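Everything below, folded, please.
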Amino acid sequence: MKLRMVLLTLAAVLFLAACGQKGLEDPITLSDQDNNEVTFPLEKPALFFFITTYT
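Here you go, the predicted model:
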C-alpha cells in the first residue's frame, strides 16, 4: 500500500512538473516588514528566507 502511494505521488509530481512553465517572465517582488518593496532578479539564482513571528 505504501509503494502504491509513493508511485502515485511521484506520478503526480512528474505530471505537475511537466505542465509548468520553463521560467519566470516578471521579477518577483515582495514587501518586507517596513513595507519596502524588495525585487529579486531573474538573471541569476537567488536564495531568500522567510522568518515569521507570531506575537
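
where do the helices sit along the chain?
For the chain, applying DSSP state H gives helices covering 2-19.

Low-confidence ranges, it, go.
The model of the chain has pLDDT under 70 over residues 24, 53-55.

Which residues are in contact with Pro41?
Pro41 makes contact with Pro27 under the criterion C-beta atoms under 8 Å, 6 or more residues apart in numbering. Glycine gets a C-beta too; all of them are placed from N, C-alpha and C.

And it, how close does it get to Asp26?
11 Å (C-beta to C-beta, to the nearest Å).

wouldn't Phe40 be in contact with Phe48 here?
Yes - applying C-beta atoms under 8 Å, one finds Phe40 in contact with Phe48, separated by 6.7 Å.

Between those two, tell me which one has more neighbours.
Between Phe40 and Phe48, counting by other C-beta atoms under 10 Å, Phe40 is the more crowded of the two (14 against 8).

Please report the distance of Glu43 from Gly20.
20 Å.

circling back to that earlier point, which residues do Phe40 and Phe48 both contact?
Leu30.

Ile28 contacts Glu37, doesn't it?
No - contact between Ile28 and Glu37 fails when scored by C-beta under 8 Å: they sit 10.7 Å apart.

quick one, which of the two is more surrounded?
Using other C-beta under 10 Å, the more surrounded residue of Ile28 and Glu37 is Ile28, with 12 against 8.

Give the bridge partners for the more buried one, please.
Phe40 (DSSP bridges).

and it, what is it in contact with?
Contacts of Ile28 by C-beta under 8 Å, 6+ apart are 39-40, 42.
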